[in-house]
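Asks: Got a sequence here, can you build the structure:
(2 chains)
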Amino acid sequence: MAVVLVLGTTLAACGSASSNDSGSDGGDDSTIKIALIPPTSGALAQFGTDAVKGWQVAADMVNAKGGIDGHKVELITKGTDADPATTIRVAKEAVTQDGAQFIGAVMTSPEHAALNAQLAGMGALDFNALGKDDALVGEQCSPNAFHIVQTSSMDLNGLASSIDEMPGDKWAIMAVDYATGHSAADKFTEEAEKAGKTIVSTQFAPLNTTDFGSYITKIKDSGADAVFAVEYGADGVAFVKQAEQFNLSSQVKTVLGFNMVSEPLFPTLGDSIVGYYNNVGYDVNADNDLNQEFVDAYTKANGSAPYYVPADNFLAAETLFAGIEKAGSTDPDDVAAALNDLTFDSIDGSVTLRGADHQLLRPSYLGQVEGSGKDLSFKILSSAEASTTTPEPSADCKM
Amino acid sequence: MNAAQLLNGIALGSLLMVLSSGLAMIYGLRGVTNFAHGALYMSGAYLAYTLSDRLSFWAALVLVPVILAVIGVVLEMVFFRPLQHRSHIELGLITFGLALIAERLVVLIWGEKTLSVDPPPGLTGTTSVLGVDYPTYRLGIIVVALALAAILVMWLRYTRTGLYVRAASQDIETAGIMGIDVNRVSLIVVSFGAALAGLAGTLAAPYVSLDPNMGNSFLIIVLIVVVIGGIGSIGGAMVAGMGLGIIQTVSTVWSPSVAVVVPYVALVVVLLWRPQGLAGKRVS
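Replies: Below you'll find the model as predicted:
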């Protein structure tokens, strides 16, 4: 059943509800407690900080309008080193000691995989806005986990339609050595070969690699004329800057990044990334009222426009709020049931939470960096609808 | 392995050489495992970022080691000297705490965002060497590190202060009885060691990306280098740093997953073969 939620209008109406009129049978009647567990150190720390900002803006917006069905939103911000064991420990602490019913801002796919296995026991729901591994909606899926961000397959399917239009026939793959990197490399290889391209080199570098010299040398030696790169945060910066020092651009015609190049890194990466292609999970210029309201609020609160990390976390919050609104309850079981096949309006347009695997069906974009100096930005080259990018629900996912 | 990969190993080894020689120097004299050495290196890189932006990279290359030398003086006067009779574990824990404080300070001043520094004009692009086009900046690091190694060895072997450092590193109490002002020697060594960490940070700034965790990831490798080289041996640390840089690069070419454990395997193998490290107690 589809429910259309216009967040601003609905929440304005909700504002008149009494804070005691919860209609809830779970947890604290007056407060929706959401534990945020982002990485606070290492290469991913900046993304963790920005994920919290997305949730904070969402919470501030609904609280300013009286909450959801009268329930105020309380964020309980924790921290992790992105190690799954640490994240599980912190999540359990947040649920059992702080009374959190919902979890957000967890970053990596291995953390989500570990968390998914524990959520039912904890009685909490997790909203994954960052981990892209396909297995999270496959064999690692959970009735308590909701996959807001596009999976690697969705993003890659979005890019796939454009691979044959990108210059270069011999591709080198340079990916981070964990789940997302491997699944992205596998998927890209499949799609590139379908497009008649050749993969001449595939390398995986451990997370927190500082020296890419030997990897870049191997790319040059492979004779590649295009590179598909899956490196994040500090690793991505190191790879891009060192590729520039090795003059890799004299050999390759195309660098296609996968979550490697994003707006916060533009000042750091500078003109060396002009012409780089990258998947863009979120179009900041999307022409809809909810997006405009979010962009204005985020920019006012943080001094800069949002990019995919805070935006996807805001979308996670929108999804949770839509579920609570539909359920008329803050009980995690009721919210989980209400979210199945729920369609609602969001900053990314009309989206649907697919009940079979809890994947949010939303578009994917391909962008290219343009401009120079302080005016670098993504030019959106193409948009692929969820119907063309999203694989059928995996038979391995047992809800 | 081609010439470019060999140069990659030498460039990484050069950086390890500069960083580990400072750590070995401080350990040799004060007996302190300075867990703050990675934080000094990170601070040097961030200072280089700001000074390169405001002045120039070359100014940073001079000023950052000077600033870090002053921090080294503070370390010696406030912590190492007053606490020299306390157990090494206590001092090690203090330096560990200082590292955590430094990391937080860097986040407060520069933020969590990953930063980068461009190589200075004249060292951008590539230069043809050994038949391959290789980044000029990395060649610059190799030249600076080798020059520094030569200067360090000459200083230790052929100057009076170097003689005092070697004597105090062998046995600080006997050196004091023989009339050497060990406090003065220690002050020189700790400030010089910190300056070397600053120099390594400055050299690394255009080489790697800057993030507040960069010191921790390098510290473990550098500690291994110092142990392999022979705890307290500056020459041993330099040889081990270069060797490990090359071995790690070679193993990365072969298998990146295996390369991650190479430093630890090297540590075990060397300690089984020569428990005193490659150079033992020989300082230079």
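Asks: what does the stretch 51-200 of chain B have sitting close to chain A?
Replies: Contact residues, the stretch 51-200 of chain B versus chain A (Cβ under 8 Å from any Cβ of the partner chain): B:111-116, B:118-119, B:124-126, B:133-135, B:137-138. In this view, the C-beta of every residue, glycine as well, is placed from N, C-alpha and C.
Asks: Enumerate every residue touching residue 195.
Replies: All of this refers to chain A. A:160, A:163, A:164 (Cβ atoms under 8 Å, 6 or more residues apart in numbering or on different chains).
Asks: That was the other one, I meant chain B.
Replies: So residue B:195 contacts B:22, B:65, B:66, B:68, B:69, B:72 (Cβ under 8 Å, 6+ apart).
Asks: Out of those, which end up buried?
Replies: B:22, B:65, B:68, B:69, B:72 (16 or more other Cβ atoms under 10 Å in any protein chain shown).
Asks: Just the residues you listed: which are in strands?
Replies: With DSSP state E as the criterion, strands contain none of the buried ones among the contacts of residue B:195.
Asks: Just put these in JSON lines and tack on pLDDT.
Replies: Rendered in JSON lines, the data for the buried ones among the contacts of residue B:195 read as follows (pLDDT from 0 to 100):
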{"residue": "B:22", "pLDDT": "86"}
{"residue": "B:65", "pLDDT": "96"}
{"residue": "B:68", "pLDDT": "96"}
{"residue": "B:69", "pLDDT": "96"}
{"residue": "B:72", "pLDDT": "93"}
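Asks: nearest to chain A, of those residues?
Replies: residue B:22 (18.5 Å; Cβ to the nearest Cβ).
Asks: Excluding chain neighbours, what is closest to that closest one?
Replies: Nearest residue to residue B:22, sequence neighbours excluded (Cβ to Cβ, 6 or more residues apart in numbering or on different chains): residue B:196, at 3.3 Å.
Asks: What separation do you get for residue A:235 and chain B?
Replies: 8 Å (Cβ to the nearest Cβ, to the nearest Å).
Asks: For that residue, which three-state class applies?
Replies: Three-state call for residue A:235 (DSSP: H, G, I helix; E, B strand; the rest coil): helix.
Asks: Count the neighbours of it for me.
Replies: Residues contacting residue A:235 under the criterion other Cβ atoms under 10 Å in any protein chain shown number 25.
Asks: Wait, it touches residue A:204, no?
Replies: No - checked against Cβ atoms under 8 Å, the pair residue A:235 and residue A:204 is beyond contact range at 11.5 Å.
Asks: which residues are common contacts for the two?
Replies: residue A:176.
Asks: ok, for the residue nearest to the spatial centre of chain A, nearest residue in space, not its chain neighbours?
Replies: For chain A, residue A:130 is the residue whose C-alpha lies nearest the centre (Cα atoms, centre = their mean; 3.3 Å). Leaving out its chain neighbours, the residue that sits closest to residue A:130 by Cβ to Cβ, 6+ apart is residue A:107, at 4.9 Å.
Asks: what helix or strand does that neighbour sit in?
Replies: If you go by DSSP states H and E, residue A:107 is not part of any helix or strand.
Asks: Compute the distance between it and residue B:98, please.
Replies: 29 Å (Cβ to Cβ, to the nearest Å).
Asks: what about the closest residue to residue B:45 other than its chain neighbours, which SS state?
Replies: Spatially, and ignoring its direct neighbours in sequence, residue B:45 is nearest to residue B:201 (3.8 Å; Cβ to Cβ, 6+ apart). On the three-state scheme (three-state DSSP), residue B:201 is labelled helix.
Asks: Please identify the residues of the stretch 51-200 of chain A in proximity to chain B?
Replies: Checking the stretch 51-200 of chain A against chain B by Cβ under 8 Å from any Cβ, the hits are residue A:177.
Asks: Buried among the residues of the stretch 51-200 of chain B next to chain A? Make that a PyMOL selection.
Replies: If you want just the buried ones from these in PyMOL, going by 16+ other Cβ under 10 Å, the selection is:
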select buried, chain B and resi 112+113+114+115+116+118+119+126+134+135+137+138
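Asks: Can you tell me which of the residues of the stretch 51-200 of chain B next to chain A end up in helices?
Replies: B:137, B:138 (DSSP state H).
Asks: related to what we said a few turns ago, between residue A:107 and residue B:98, which one's more packed in?
Replies: residue A:107 (24 against 19).
Asks: residues in contact with the more buried one?
Replies: A:38, A:39, A:44, A:47, A:48, A:51, A:82, A:130, A:131.
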